[in-house]
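1. Please work out how this folds:
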Amino acid sequence: FFYVYIINYISNSRVINLYKEVLVIILVIYYLIILKELLFIIKLLTLFIKDFKKVINYYGSFLILYNKAIYFIY
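-> Numbering: from 1, shown residues only. A predicted model of the protein is given here:
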């Protein structure tokens, strides 16, 4: 009876360890996917910020030209 209990416990612990390993692998894959998504989002944000800076620069130069034109007219 005792031996059966020990064997049962060993097999159970092995199953639990396997389950843990599978869980860890799944978690690692999940984290990698999340990291990829985050990197993609960061890339998009940096591109957007660069474009936004360009837009601000264009808009600023446009405003300067506009002010100069008004100044020239008056």
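2. Going by C-alpha atoms from here, please, whenever you check contacts or count neighbours.
-> Noted.
3. Show me the helices in the chain, by range?
-> Remark: helices assigned in the chain by DSSP state H are 2-73.
4. Low-confidence stretches in it?
-> Low-confidence segments of the chain (pLDDT under 70): 1-3, 6-7, 10-11, 70-74.
5. which residue is nearest the middle of it?
-> Nearest residue to the geometric centre of the chain (Cα atoms, centre = their mean): L38, 0.9 Å.
6. separation between it and L45?
-> According to Cα to Cα, to the nearest Å, L38 and L45 sit 10 Å apart.
7. ok, now D51?
-> 10 Å.
8. cool, I16 as well?
-> Counting by Cα to Cα - I16 and L45 are separated by 42 Å.
9. ditto for N12
-> In terms of Cα to Cα, N12 sits 48 Å off from L45.
10. next one: Y30
-> Counting by Cα to Cα, the gap from Y30 to L45 is 22 Å.
11. V4 now?
-> For V4 relative to L45 (Cα to Cα), the value is 60 Å.
12. Of the two, give the one with the bigger neighbour count.
-> L45 (12 against 9; other Cα atoms under 10 Å).
13. Near R14, how many other residues are there?
-> R14: 12 neighbours (other Cα under 10 Å).
14. To clarify, my last question referred to L35.
-> So L35, with other Cα under 10 Å, has 12 neighbours.
15. Please name the residues that touch it.
-> Contacts of L35 were listed using Cα atoms under 8 Å, 6 or more residues apart in numbering, and none were found.
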